[in-house]
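Visitor: just a sequence and a predicted model for now, questions to come.
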Amino acid sequence: MFFLDNSHLITFMLQFAIILGLSKGLGIIFQKFKQPTITADLIIGIILGPTILKKIFPSFSNLLFPADHTQTMMLETIAWTGIFFLLLETGLEVNFASIWKQKKQASIIAITGIIIPLFICFSSLLLFVPEKYLVAHTSKVMFSIFVAVTLTISAMPIAIRALYDLNILKSDMGFLVVSALTINDFIGWILFTIILGIYQHGEADFFYILKIFIITISFAGGSLIFLRKYIDKSIKYIKNNLDDGIGMTISLITFIGMVFGAITLSIGLHALLGFFLAGLIAGGSDFLTEKERNVINKMVYAIFVPFFFVNIGLKIDFLSGFNITLMFFITLLGVFSKFLGAWIGTILSRNSKKDRVAIAVAHTAGGEMQIVIAILALESGLISQSIFVAIVGGAILSTILLGPWLSWILKLRISYDFVSLFKKEHILDFIDLKNRDEVIHALSIKAAIYLKIDYHTIKDSIYVREDLISTAIGNNLAIPHARLSNIKKPLVLFLKTENDIEWNAPDGLPVHFIFLIITPEDQTTLQLKLLRDISIIFKNPIQLLHLRQANNKDDILNIFKEVKKPYNQVTLNIAAK
């Protein structure tokens, strides 16, 4: 019988502390520049691994990361737990029932975003990548198919973060992007699982391909259609009958992920597909609140995810076989093909011309999904280390590019001013409202009077949007909104209440400040601008504090007028008052 001794545990705890401390420290710096922390995790792994530390200080490297099988497996187990939870959490980010309501537009964008990049990447790799970059005994066709699938999958978590940073995640365009990327991920993981299963089988005979395709689709479809309602009932039971609702819900979701992972692995599919499906099913529950999704997200990204990406750097020498031309070729191929695929999808789905480029840009990042598939391909012997390093480099470059590129595109299309649209009479006196329905009812009545249209038209449009995803964004703020075809001018109303209004906010806090935004259906740019301007107020702690203390309409209006001024100027103005 084998037992871990103290030396194993001491070394593991030191590794754990160093990896977590360094990755979080560098991650804080990256977050200040609006960059994803996975890049920081990879850099820490590259510094601590054979690329740098082992070359410069081999003795210290061997002391910290000894070539001991048991020691290596301890870290490897934590790393794989991290990636299992990453896929589980990625699925949880999505409410599949809500996305299904927008299935037509999202499906068209997702399908063109898969088919077109697949064709472009496959043909380009087949024609232009030299044989020397292939692994022995791997055909050029199989290599090209697999790398094409790898480059086709977009990074939904990265896109969500970029949309959140730009304050447009809760907009109609933001929701459409998330919906399309969810379907993109789902199709991409199915394709990846099938191709990997065929490769590991050793031959691509027709009956085996048909078998693995049927198994994959049957398990995925059956899980989403038949098991979801039972998991939904289980989460409801936990909430209604157990004291530790959040803790037990997280335990249940983890249990489902582990079971699904074991099932998919045992039937010849990859375990990661099982975790992703488990997340999708649990994420579709009507009883899983935004706060609980946020708690799980924080847990996964705070502890588990960094270990997987750091561990990649600990295992691989990124300078060995590095080819800058190959990396830029892979990067350009992935970014261009995904942009083109999504852009054509926006045309076919008849999206607004002003939205098309922004939606296409949101699909371009490779991010963690591309890296995850690349490491699986490397470990399965499908790609060489040179191709792996090029794919990882492309994932990092496209991820770094996404935020500034999307921000630039949005700035080009925005020409409206929140302050110019907002008047003193748009601040309402309803302060005694008790719940979300009363708030929406009051706002809809006032909006109907201003716009001179039917009250029910406004209210129903607001609820359609709320049913897709809650418009509460945290910091006691909710921004219900709708786009209507029968109006020519926009309207913004504001309501402040001392009562705690439950609105399913991601931070779990009640809502006290509510903006209603009604815009013409064809002016999607205006909706984005208003959402961003309003969010700026609530990201400035001084403006927010002053708004909490305001007790008349003039004070509230003056606070809103500060929204366009720099942070320091706002501070001085408010201090002077």
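Guide: Now that the structure is in, tell me what you want to look at.
Visitor: got a list of what the residue nearest the centre of the chain touches?
Guide: Central residue of the chain (CA atoms, centre = their mean): P157, 2.0 Å from the mean position. Contact analysis of P157 by CB atoms under 8 Å, 6 or more residues apart in numbering lists E89, T90, E93, G367, E368, M369. For the C-beta atoms, the positions are set from N, CA and C on the backbone; glycine is no exception.
Visitor: L333 too?
Guide: I120, C121, S124, L125, L151.
Visitor: same check, this time on F276
Guide: Taking CB under 8 Å, 6+ apart as the test, what F276 contacts is L87, L88, T90, G91, D185, F186, W189.
Visitor: 10 Å - rerun?
Guide: Neighbouring residues of F276 by CB atoms under 10 Å, 6 or more residues apart in numbering: 84, 86-92, 185-186, 189-190, 193, 220, 257, 260-261, 264, 270, 369.
Visitor: quick one: pLDDT of it?
Guide: With respect to pLDDT, F276 scores 85.
Visitor: skip the chain neighbours and tell me the closest residue to it.
Guide: If the residues on either side of it in the chain are set aside, F276 comes closest to L87, at 4.5 Å by CB to CB, 6 or more residues apart in numbering.
Visitor: buried stuff in the helix or strand hosting that neighbour?
Guide: Counting by DSSP states H and E, the element that carries L87 is helix 69-92. Judged by neighbour count (16 or more other CB atoms under 10 Å), helix 69-92 contains these buried residues: 71, 74-76, 78-80, 82-92.
Visitor: helices of the stretch 201-350 of the chain, start to end?
Guide: Assigned by DSSP state H, counting those that start in this stretch, the stretch 201-350 of the chain shows helices spanning 206-222, 228-241, 245-266, 271-283, 290-299, 305-315, 324-348.
Visitor: let me have those in a markdown table, extended by distance to D533.
Guide: Output for those, formatted as a markdown table (distance: least, CB to CB, whole Å):
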| stretch | distance to D533 |
| --- | --- |
| helix 206-222 | 41 |
| helix 228-241 | 36 |
| helix 245-266 | 34 |
| helix 271-283 | 30 |
| helix 290-299 | 23 |
| helix 305-315 | 33 |
| helix 324-348 | 25 |
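Visitor: shouldn't G394 be within a helix?
Guide: Yes - counting by DSSP: H, G, I helix; E, B strand; the rest coil, G394 is found in a helix.
Visitor: check the offset of the helix holding L87 from the chain's centre.
Guide: 19 Å (CA atoms, centre = their mean, to the nearest Å).
Visitor: stretch 350-370 now?
Guide: Counting by CA atoms, centre = their mean, stretch 350-370 comes out at 13 Å from the chain centroid.
Visitor: how far does it stretch from one end to the other?
Guide: End-to-end distance for stretch 350-370: 29 Å, by CA to CA, to the nearest Å.
Visitor: mind listing what's buried along that stretch?
Guide: Going by neighbour count (16+ other CB under 10 Å), the buried part of stretch 350-370 is 351-352, 354-370.
Visitor: could you export the helix holding L87 as CSV, CA atoms only?
Guide: Extracted in CSV, the C-alpha atoms of helix 69-92 (Å, rounded to 0.1, in the frame of the first residue of the first chain):
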residue,chain,number,x,y,z
HIS,A,69,6.2,10.7,-10.7
THR,A,70,4.1,11.0,-7.5
GLN,A,71,4.8,14.7,-7.2
THR,A,72,4.1,15.3,-10.8
MET,A,73,0.8,13.4,-10.6
MET,A,74,-0.4,15.5,-7.6
LEU,A,75,0.0,18.7,-9.5
GLU,A,76,-1.4,17.1,-12.7
THR,A,77,-4.6,16.0,-10.8
ILE,A,78,-5.2,19.6,-9.5
ALA,A,79,-4.6,20.9,-13.1
TRP,A,80,-7.1,18.5,-14.6
THR,A,81,-9.6,19.3,-11.9
GLY,A,82,-9.2,22.9,-12.9
ILE,A,83,-10.0,22.3,-16.5
PHE,A,84,-13.0,20.0,-15.6
PHE,A,85,-14.4,22.9,-13.6
LEU,A,86,-13.7,25.4,-16.3
LEU,A,87,-15.8,23.4,-18.8
LEU,A,88,-18.5,22.9,-16.1
GLU,A,89,-18.5,26.7,-15.4
THR,A,90,-18.5,27.6,-19.1
GLY,A,91,-21.8,25.6,-19.5
LEU,A,92,-23.2,27.2,-16.3
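Visitor: relative to helix 271-283, how tilted is it?
Guide: 40 degrees (axes from the mean of the first three to the mean of the last three CA atoms, to 10 degrees).
Visitor: where in the stretch 151-300 of the chain is pLDDT low?
Guide: In the predicted model, the stretch 151-300 of the chain carries pLDDT under 70 at residues 199-206.
Visitor: show the contacting residues for the nearest residue to F308 once chain neighbours are set aside.
Guide: Of all residues not flanking F308 in the chain, G82 sits nearest, at 3.9 Å (CB to CB, 6+ apart). Neighbour list for G82: D41, V300, Y301, I303, F304, V305, P306, F307, F308, F309, V310, N311 [criterion: CB under 10 Å, 6+ apart].
Visitor: taking helix 69-92 as reference, get the angle to the strand or helix carrying G45.
Guide: Using DSSP H and E, G45 sits within helix 37-48. Counting by the same axes, to 10 degrees, helix 37-48 lies at 170 degrees to helix 69-92.
Visitor: from the contact counts, what lies against whichever helix or strand comes after helix 37-48?
Guide: Going down the chain from helix 37-48, the next helix or strand is helix 53-56, by DSSP H and E. Under the contact criterion of 3 or more CB pairs under 10 Å, 6 or more residues apart in numbering; DSSP states H and E, helix 53-56 touches helix 37-48, helix 58-64, helix 305-315.
Visitor: and those helices: which comes nearest L14?
Guide: Among the helices and strands packed on helix 53-56, the nearest to L14 by CB to CB is helix 58-64 (7.1 Å).
Visitor: what is the mean pLDDT for that closest one?
Guide: 89.
Visitor: what's in contact with it?
Guide: Contacts for helix 58-64 (CB under 10 Å, 6+ apart): 11, 14-15, 18, 48-50, 52-55, 57, 67-68, 314.
Visitor: buried ones among those?
Guide: Counted by 16+ other CB under 10 Å, the contacts of helix 58-64 give T11, Q15, L48, G49, P50, I52, L53, K54, L314 as buried.
Visitor: tell me the contacts of the first one?
Guide: Read it as T11. Shown in contact with T11 (CB under 10 Å, 6+ apart): L63, L64, F65, P66, D68, T70, Q71, M74, L75.
Visitor: and if we set it to 8 Å?
Guide: L64, P66, Q71.
Visitor: cool, and the last one?
Guide: The contact partners of L314, by CB under 8 Å, 6+ apart, come to G45, L48, G49, P50, F65, L75.
Visitor: one more: the fifth one?
Guide: Contacts were defined as CB under 8 Å, 6+ apart; by that measure P50 touches S61, L314, K315, I316, D317.
Visitor: of those - the most surrounded one?
Guide: L314 (26 neighbours; other CB atoms under 10 Å).
Visitor: ok, it to I52 distance?
Guide: 11 Å (CB to CB, to the nearest Å).
Visitor: repeat for I347
Guide: From I347 to I52 the distance is 46 Å (CB to CB).
Visitor: likewise Q370?
Guide: 23 Å.
Visitor: over to L20?
Guide: 19 Å.
Visitor: what sits against the nearest residue to A282 once chain neighbours are set aside?
Guide: Computed as CB to CB, 6+ apart, the closest residue to A282 that is not its neighbour in sequence is I253, at 4.7 Å. The contact partners of I253, by CB under 8 Å, 6+ apart, come to L88, L92, A278, G279, A282, I296.
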